[in-house]
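Engineer: please find the sequence and the predicted model below.
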Amino acid sequence: MTIKKIGIVGLGAIGAVYGKMLQEVEGLEVQIIVDEHRKTKYEKEKFYINDEETSFHYIHPDTQSEAFDLVLLAVKYGQLQEAISLIRPFVGEKTVILSLLNGITSEEEIAQSYGEEKILYSICNGIDSTREGNRIYYSTPGIITFGERVNIELTVRVKEVKECLERANIPVDVPEDMERALWNKFMINVGMNQASAVTRAPYAFFQKEGSARELAISAMKEVIQLAQAKEIDLTEQDMNYFFANVLSKVGGTGKTSMLQDIEAGRKTEVALFAEKVIDYGQKLGIETPINQAFYRIIKTVEEMQG
Ligand SMILES: NC(=O)C1=CN([C@@H]2O[C@H](COP(=O)(O)OP(=O)(O)OC[C@H]3O[C@@H](n4cnc5c(N)ncnc54)[C@H](OP(=O)(O)O)[C@@H]3O)[C@@H](O)[C@H]2O)C=CC1
Ligand SMILES: CC(C)(CO)C(=O)C(=O)O
């Protein structure tokens, strides 16, 4: 079955960019799954991507519809449970669900509601999208890394999703070891998102040697220790590769999603990052002082913002 009908929950920095690219493909029907309140607001305020007015098609969960072939979740972690409920009417026997959320836990939470057989693991890397209300700016779509937990010979559904994303000119990668890819991204987020959130530094400060990058590296090294204790093949080479080959390509004024949250006074995804690192550290008997400090600072900032 070729993918034809796609549902997306979350029209933010990530969902709007990939949603626009997908809906430009002839033969693909893309619907944004929203509640009534958001539908009214979005239709009135419209969306602007790189200053271009962009229209989307909205679908309410009460609408009678066939199941979607592919559902993309692009909400923040605090909105995940709501999004999981929202997609229920559109999940059928053959639906594939892809969670573009950062972190290593969202797939597990989706699988608890819909079963392992519905999900593929995924993350997006290198996208420098920022959102201010209904205005989204980006210079590169980065790459969606996805697949089954292990990808030696590609399964039919992986091939179909890959073909669909490629038709939309979204760069994709299907790594053999998806768990390692998830942990690699987890390491990046734990360092970059949290160091930028506490310093308020945009990417330019991490693109050069110096204090901001050192701070991110110290948190990343704690993730590497945890991964190695879990026998996941993650090393400092992966960290160096990120700085040299991924971060160097994004716009210097861009900001991590966590810094965007802090600046907008929204709750952050610290539960996906420092909290997870601290948790794993306790279970594995590994000290995680940098993440403990990040956790306390970010929680304090959230409390101050109310
Ligand atoms: N921004 C980035 O550069 C990157 C982000 N990520 C990850 O991607 C995920 C999404 O992040 P990002 O796009 O930045 O987040 P945003 O906050 O920009 O977007 C989230 C969107 O979800 C919408 N939403 C929330 N709840 C619902 C709901 N119940 N029904 C429908 N829509 C809903 C929000 O709508 P509303 O505004 O109306 O509340 C908002 O448009 C996160 O896990 C993030 O860590 C990964 C890589 C890079
Ligand atoms: C990799 C990074 C830091 C890229 O923007 C990200 O995933 C985020 O901002 O959440």
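Structural biologist: Everything's here; your move. Ligands and ions are numbered 1, 2, ... in the order given.

Engineer: tell me who's in contact with Met178.
Structural biologist: Tyr121, Thr145, Phe146, Gly147, Glu148, Arg149, Val150, Asn151 (Cβ atoms under 8 Å, 6 or more residues apart in numbering). Bear in mind the C-beta positions are built from the backbone N, C-alpha and C, glycine included.

Engineer: leaving out chain neighbours, which residue sits closest to the second one?
Structural biologist: For Thr145, ignoring the flanking residues on the chain, the nearest one in space by Cβ to Cβ, 6 or more residues apart in numbering is Asp173 at 4.6 Å.

Engineer: count the residues that sit near that neighbour.
Structural biologist: With neighbours defined by other Cβ atoms under 10 Å, the count for Asp173 comes to 13.

Engineer: now it. Its backbone dihedrals?
Structural biologist: When read as degrees, to the nearest 10, the backbone of Asp173 gives phi -140, psi 130.

Engineer: check the gap between it and ligand 1 for me.
Structural biologist: Asp173 is 14 Å from ligand 1, where distance means Cβ to the nearest ligand atom, to the nearest Å.

Engineer: what of Glu53?
Structural biologist: Applying Cβ to the nearest ligand atom, the value for Glu53 to ligand 1 is 17 Å.

Engineer: do the same with Glu222
Structural biologist: 19 Å.

Engineer: so how many other residues sit close to that residue?
Structural biologist: Glu222: 25 surrounding residues under other Cβ under 10 Å.

Engineer: so what's it up against?
Structural biologist: Glu222 makes contact with Val190, Val277, Gly281, Ile286, Thr288, Ile290, Asn291, according to Cβ under 8 Å, 6+ apart.

Engineer: state the pLDDT value of the residue nearest to Thr145.
Structural biologist: Confidence at Asp173, expressed as pLDDT, is 97.

Engineer: isn't it right next to Val158, touching?
Structural biologist: No: counting by Cβ atoms under 8 Å, Asp173 stays clear of Val158, with 11.5 Å between them.

Engineer: tell me the secondary structure at the nearest residue to Glu109 once chain neighbours are set aside.
Structural biologist: Distances taken as Cβ to Cβ, 6+ apart place Leu80 nearest to Glu109, at 6.1 Å, with adjacent residues excluded. What DSSP: H, G, I helix; E, B strand; the rest coil gives for Leu80 is helix.

Engineer: equivalent analysis for Glu53, please.
Structural biologist: Assigned by three-state DSSP, the conformation of Glu53 is strand.

Engineer: which residues does the residue lying closest to it once chain neighbours are set aside contact?
Structural biologist: Spatial nearest neighbour of Glu53, chain neighbours left out: Lys46 (5.7 Å); criterion: Cβ to Cβ, 6+ apart. Lys46 sits next to Glu53, Thr54, Ser55, Asn134 when contact means Cβ under 8 Å, 6+ apart.

Engineer: change it to 10 Å
Structural biologist: Residues near Lys46 by Cβ atoms under 10 Å, 6 or more residues apart in numbering: Glu53, Thr54, Ser55, Phe56, Asn134, Arg135.

Engineer: how about Leu154?
Structural biologist: Contacts of Leu154 by Cβ under 10 Å, 6+ apart are Gly147, Glu148, Glu160, Val161, Lys162, Val174.
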